[in-house]
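1. need a structure here:
(one chain, ligands or ions: 2)
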Amino acid sequence: MTKPVPRVFSGVQPTGNLHLGNYLGAITRFVDMQKSHACIYCVVDLHAITVWQEPKELAHNTREVTAAFLAAGIDADKHIVFNQSQVPQHAELAWIFNCVARMGWLNRMTQFKEKAGKDSENSSVGLFSYPNLMAADILAYRATHVPVGEDQKQHLELSRDIAQKFNNDFAKSIREAGYEDGFFPLPEPLISGPATRVMSFKDGTKKMSKSDPSDLSRINLTDDADAIARKIRKAKTDPDALPSEPDGLKDRPEAANLVGIYAALEGESVEQTLKTHGGGQFSSFKPALADLAVAKLGPIGEEMNRMMADKAYIDGVLKTGAEKARTIAAPVYEEVKKIVGFIR
Ligand code: AMP
Ligand code: TRP
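-> Ligands and ions are numbered 1, 2, ... in the order given. Got it, this is the predicted structure:
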């Protein structure tokens, strides 16, 4: 097997309510990466069940994330789109990584602390070892670049630590298998653009999230034009006009959020957005943002709804994607077995 080639991998959990943060922080970046890289995009259903999922809803949400990928412009013919549970190497490699990663590393994961809350004794073991499975997702393809939102930075660092420790622990065996500079690449996070952390419309200090009980806190990708416009109109703001320079957004989280969203949807920098809208009031900026959001998201939501009516088509995409994924992951895992010393 040759050296790792540049390859993009990323995942989204099928846990319902795909929102503007997922779209701007992750999915639009996935679309961009297709021009320059071979890409693998995965609906991570194994990750989803680290917290309870109603089986019928899980299946529905898996198809919905797939529909969102396709509607946003991911090309499943040229690249790979599939759901994680169809490729057994993810779970197999995750087990090996459970034995590479240290308790101390996982104990530092802030997302576990947030998700487990006060009742961590009652959370699943899977929720704790979640980041090891994430490392397995990426490294099963020896992927080199991982587009994600800001909230995944710590998990990506852990993936790098796992790759590094595996390369060190098995250095001799890896050399004997014919690899000069380690087996796994250290995957690089790609976190950039004006909207790596989209915030709640109700509270500019909280991230926009699937699990927020208030539907007004987020724009869902399946919201219609009226809902999008209404949520933007009702979004919390401060009473001041928009500044003309990014510096003027400091300590104004709600204003910074809406401007960042505008810039990301328009495909421009925050500086450019403020050049056009600086000095204006929210009473005129919000309708401009609503028009832009409806223009960009409306067609995606409609296309998602159209695709969701054709389950067989979506399931076919996932099946073909899983077959393609296995052709990459299976030989990688065979090498891992050899390196670790499993008789094959
Ligand atoms: P999840 O829904 O947790 O599987 O997240 C899927 C992708 O969306 C990940 O790359 C996240 O980092 C990204 N993401 C989730 N919420 C946000 C947000 N509020 N702002 C930006 N990116 C986000
Ligand atoms: N943990 C990621 C999230 O919640 C989803 C994910 C799972 C992922 N495996 C991945 C992201 C591999 C990037 C690469 O958003």
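
2. which bits of the stretch 1-150 of the chain sit near ligand 1?
-> For the stretch 1-150 of the chain, the residues in contact with ligand 1 (Cβ under 6 Å from any ligand atom) are 12-13, 21-22, 25-26, 148-149. Any C-beta I mention is one placed from the backbone N, CA and C, and that applies to glycine too.

3. now tabulate the residues you listed in CSV and tack on neighbour count.
-> Shown next, in CSV, are these (neighbours: other Cβ atoms under 10 Å):
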residue, neighbour count
V12, 21
Q13, 22
G21, 25
N22, 23
G25, 25
A26, 21
V148, 21
G149, 21
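
4. nearest to V100, of those residues?
-> Relative to V100, the closest of those is V148; by Cβ to Cβ it sits at 21.3 Å.

5. touching, the closest one and L190? I think so.
-> Yes - counting by Cβ atoms under 8 Å, V148 does reach L190; the two are 7.3 Å apart.

6. what ranges do the strands span in the chain?
-> Counting by DSSP state E, the chain has these strands, from start to end: 7-12, 38-43, 80-83, 145-147, 188-190.

7. just checking, what packs against the second one?
-> Strand 38-43 is packed against strand 7-12, helix 28-33, helix 55-72, strand 80-83, helix 311-340, with contacts defined by 3 or more Cβ pairs under 8 Å, 6 or more residues apart in numbering; DSSP states H and E.

8. quick one: it near ligand 2?
-> No - residues of strand 38-43 contacting ligand 2 under Cβ under 6 Å from any ligand atom: none, with a closest distance of 6.7 Å.

9. can you name the residue of the chain nearest ligand 2?
-> Across the chain, the shortest distance to ligand 2 (Cβ to the nearest ligand atom) belongs to G11, at 3.3 Å.

10. re earlier: what would the residues of the stretch 1-150 of the chain next to ligand 1 look like in JSON lines with pLDDT?
-> Shown next, in JSON lines, are these (pLDDT from 0 to 100):
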{"residue": "V12", "pLDDT": "98"}
{"residue": "Q13", "pLDDT": "98"}
{"residue": "G21", "pLDDT": "97"}
{"residue": "N22", "pLDDT": "97"}
{"residue": "G25", "pLDDT": "96"}
{"residue": "A26", "pLDDT": "97"}
{"residue": "V148", "pLDDT": "97"}
{"residue": "G149", "pLDDT": "95"}
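
11. from the residues you listed, which land in helices?
-> Secondary structure from DSSP state H places 21-22 of these in helices.

12. make TSV from the residues of the stretch 1-150 of the chain next to ligand 1 and add distance to A140 to it.
-> Shown next, in TSV, are these (distance: Cβ to Cβ, whole Å):
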residue	distance to A140
V12	17
Q13	17
G21	26
N22	23
G25	23
A26	19
V148	17
G149	22
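
13. and the helix or strand of the chain with the lowest mean pLDDT, which residues are buried?
-> Every helix and strand of the chain was ranked by mean pLDDT, DSSP states H and E. The lowest is helix 110-116, at a mean of 95. Using 16 or more other Cβ atoms under 10 Å as the test for burial, helix 110-116 gives 112, 115-116.

14. for those, which one is nearest D310?
-> K115 (33.6 Å).

15. how about the least confident helix or strand of the chain as CSV, C-alpha atoms only?
-> These are the backbone C-alpha positions of helix 110-116, laid out as CSV (Å, rounded to 0.1, in the frame of the first residue of the first chain):
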residue,chain,number,x,y,z
THR,A,110,-15.4,19.4,26.7
GLN,A,111,-18.2,18.0,24.4
PHE,A,112,-18.5,14.9,26.6
LYS,A,113,-18.9,17.1,29.7
GLU,A,114,-21.5,19.3,27.9
LYS,A,115,-23.5,16.4,26.6
ALA,A,116,-23.3,14.2,29.7
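
16. so which elements touch that helix?
-> Secondary-structure packing of helix 110-116 (3+ Cβ pairs under 8 Å, 6+ apart): helix 125-139, helix 153-169.

17. on that earlier part again, and which of the buried residues of helix 110-116 is nearest ligand 1?
-> So of these, ranked by how close each gets to ligand 1 (Cβ to the nearest ligand atom), first place is K115, at 10.1 Å.
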